[in-house]
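A.B. asks: Any chance you can model this:
(4 chains)
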Protein chains: 2
Amino acid sequence: MTNELRALTDIDRLLHEPSRAVIVAILAALESADFVFLQRETGLTRGNLSTHLTKLEQAGYISIEKTFRGKYPLTLCALTATGREAFSKYRKKLSQFVEQTE
Amino acid sequence: MTNELRALTDIDRLLHEPSRAVIVAILAALESADFVFLQRETGLTRGNLSTHLTKLEQAGYISIEKTFRGKYPLTLCALTATGREAFSKYRKKLSQFVEQTE
DNA sequence: GCAAACGTGTTTTCATTGCAAACTAGTTTG
DNA sequence: CAAACTAGTTTGCAATGAAAACACGTTTGC
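C.D. replies: Numbers count the residues shown, from 1 in each chain, chains lettered A, B, ... in the order given. Model (predicted):
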């Protein structure tokens, strides 16, 4: 009965970190965003944003392209197909949990 | 615009742990449950269930009553008003996140 | 009648992780 | 040319989740 709730324990831990979920949600809407933009939108410190992005990249959820805007470094992030799919599944799990606990 | 997503970073970290969310969800539906029942429903090991329950109790989210069933120890858990409210807020946050990322 | 298995939890150990602070490296400004 | 700024990365550390070990009493099998 209440046993379907248990499905939540199977949830994607990488996305279940709020900071990362927000990053991915932004990228899901925008297709591409740079480091500074992400920092402003998320409110994260640069240090934390940096490590979260690295983790998402290592998981294959985002791609990171390093280039320059004028003379300054520019880090561009985009969701991969893998990341998009993982996020979709993650949202579904959340949604199911919310519905099952009504 | 995408800035409301950021609200997720404010989420209740105690409930954002899937194991604990499931425990609380069960208690929200049942009003009261014993340790063994919770262990079976959640699939957690006894050790982990024990520590999660202790954390929920310390936060004032659940009450724990220790007694006996026959000669065996019996640990009864119930959601407090505080816990119920926290869980309600938590569900709302999840729900909002899901909706905002559609 | 006593050793082994069982019931019901708790405590300990350990690797992971999220966060803040410090660091890196180059650029612009006064 | 020193100070401040841009754009990140790395380091240090305290918190934490999971598994294993421990505790303590009860029942069963021989």
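A.B. asks: and residue A:19, how many neighbours does it have?
C.D. replies: 17 (other CB atoms under 10 Å in any protein chain shown). In short, each C-beta sits where N, CA and C put it, glycine included.
A.B. asks: so where's chain A shaky on pLDDT?
C.D. replies: A:1-2 (pLDDT under 70).
A.B. asks: In it, which helix is the longest?
C.D. replies: helix A:81-100 (DSSP state H).
A.B. asks: May I see the buried residues of that one?
C.D. replies: A:83, A:86, A:87, A:90, A:91, A:93, A:94, A:97, A:98 (16 or more other CB atoms under 10 Å in any protein chain shown).
A.B. asks: swap in stretch A:64-77?
C.D. replies: Counting neighbours by 16+ other CB under 10 Å, stretch A:64-77 gives A:75, A:77 as buried.
A.B. asks: Other residues contacting the longest helix of chain A?
C.D. replies: Residues from elsewhere that reach helix A:81-100 (CB atoms under 8 Å, 6 or more residues apart in numbering or on different chains): A:4-5, A:7-8, A:10-12, A:14-16, A:21, A:24-25, A:27-28, A:56, A:59-62, A:79, B:21, B:25, B:91, B:94-95, B:97-98, B:101.
A.B. asks: go again using 6 Å as the cut-off
C.D. replies: Residues outside helix A:81-100 that contact it (CB atoms under 6 Å, 6 or more residues apart in numbering or on different chains) are A:4-5, A:8, A:11-12, A:15, A:24, A:28, A:60-62, B:91, B:94-95, B:98.
A.B. asks: what's the answer for stretch A:23-40, then?
C.D. replies: A:41, A:49, A:74, A:75, A:76, A:77, A:78, A:79, A:87, B:2, B:5, B:101.
A.B. asks: distance of the spatially most central residue of chain A from DNA strand C?
C.D. replies: The residue lying closest to the centre of chain A (CA atoms, centre = their mean) is residue A:24, at 2.6 Å. Residue A:24 sits 13 Å away from DNA strand C, going by CB to the nearest atom of the strand, to the nearest Å.
A.B. asks: what's the angle from the strand or helix carrying that residue to helix A:81-100?
C.D. replies: In the assignment (DSSP states H and E), residue A:24 maps to helix A:18-30. Taking axes from the mean of the first three to the mean of the last three CA atoms, to 10 degrees, one finds helix A:18-30 and helix A:81-100 inclined to each other by 110 degrees.
A.B. asks: got the buried residues for helix A:18-30?
C.D. replies: Neighbour-count burial for helix A:18-30 flags A:18, A:19, A:20, A:21, A:22, A:23, A:24, A:25, A:26, A:27, A:28, A:30 (criterion: 16+ other CB under 10 Å).
A.B. asks: how close does the nearest residue to the fifth one once chain neighbours are set aside get to residue A:23?
C.D. replies: It refers to residue A:22. Nearest residue to residue A:22 in three dimensions, chain neighbours excluded: residue B:5, at 4.9 Å (CB to CB, 6 or more residues apart in numbering or on different chains). Relative to residue A:23, residue B:5 is positioned 9 Å away (CB to CB, to the nearest Å).
A.B. asks: OK, now which residue of chain A is nearest to DNA strand C?
C.D. replies: The nearest approach of chain A to DNA strand C comes at residue A:47, 2.3 Å away (CB to the nearest atom of the strand).
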